[in-house]
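Engineer: sharing a sequence plus its predicted fold:
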Amino acid sequence: MRQSQTLAALRKLAIASWVCALHIDVSAQSAQSAQDCQLRLPPDAATSSLAKDMAKTNPCTLVPGLKAQSLDEVWKAFMKHGKTGGKRFDDPPRGIPSGVVMVRAEGLTFDLQDKVAEGLISLNIFAGSTKVVDLRKPGAKVVIPAEKFQAGVSYKWQLLTGRDDYWGRMKVLDAESQDTLQQRLAALAKADVSPEIRNIYTAAIYDEADLIFDRDRIFSDMNKEK
């Protein structure tokens with residue numbers, strides 16, 4: 001009898017411990033979620049009307065899954081853009097995809113305008129040793145069809161001009177990351193925010209997906225509007 005009472009007491013103690021641990025875990029998750037949702041813009045942003053508008057937004061409700069930290073970093077980079085050098089945020093996009101890239105339904109755009117004066121001879125794209133694109137005398141802007149690329153696959157591009165031979169590498173975003181990205185962009189598209197806020201949020205979404213090329217292109221466009 002005493003043994004049964006002891007076992008029952010131990011069971012109650014185990015259940016109580018489990019409930020307590022579960023409560024602590026949920027509280028920790030809630031605290032973490034709150035931290036992820038809280039913007040921490042620098043003090044010098046207090047006088048900026050754009051910063052005030054940013055502070056009114058909540059990334060966790062505006063774009064579920066997007067962390068406030070990403071927005072903070074993108075904000076700081078945007079404010080420094082064009083004023084300091086040597087950082088990847090400040091490097092203007094070359095117009096040619098590099099790093100991790102997202103292939104949209106209409107295809108992948110190669111903006112070759114900066115090299116037109118050199119005389120464009122050819123644009124080649126390789127998947128390993130296989131040439132998937134062989135374009136002679138490309139125009140200043142080329143859109144490669146989406147079906148030429150596969151999710152998660154790495155490619156190498158070659159641009160030959162009358163002056164030089166340029167090479168670069170890129171990797172197409174994997175399917176799972178692409179789905180997440182599209183969901184976040186779709187959520188942002190429904191949000192009632194200013195174009196400036198939308199640009200910063202879009203840049204942060206790209207930044208979290210490691211789409212540096214797309215993110216920097218937004219920075220370049222925003223910098224022109226300053």
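Structural biologist: Done, it's in.

Engineer: low-confidence stretches in the chain?
Structural biologist: By pLDDT under 70, the low-scoring segments of the chain are 1-35, 42-47, 81-93, 224-226.

Engineer: so it: which segments form each domain?
Structural biologist: Listed domain ranges for the chain are 1-37, 43-92+175-225, 103-172 (source: automatic domain parsing).

Engineer: output those domains as CSV; include the columns mean neighbour count.
Structural biologist: C-betas here are computed from N, CA, C, even on glycine. Below are these laid out as CSV (neighbours: other C-beta atoms under 10 Å):
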stretch, mean neighbour count
domain 1-37, 10
domain 43-92+175-225, 16
domain 103-172, 15
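
Engineer: show me the helices in this protein, by range?
Structural biologist: Secondary structure of the chain (DSSP state H): helices located at 2-37, 49-55, 59-62, 68-80, 175-189, 195-208, 212-225.

Engineer: what sits up against the second one?
Structural biologist: Which is helix 49-55. Residues from elsewhere that reach helix 49-55 (C-beta atoms under 8 Å, 6 or more residues apart in numbering): Leu39, Leu41, Ala45, Ala46, Leu71, Trp75, Val193, Ser194, Glu196, Ile197, Ile200.

Engineer: please apply the same query to stretch 177-187.
Structural biologist: By C-beta under 8 Å, 6+ apart, stretch 177-187 touches 62-66, 102, 151, 173, 202, 205-206, 209, 211.

Engineer: pick out the most distant pair among those.
Structural biologist: Farthest apart among those by C-beta to C-beta are Leu62 and Ala151. That separation is 26.8 Å.
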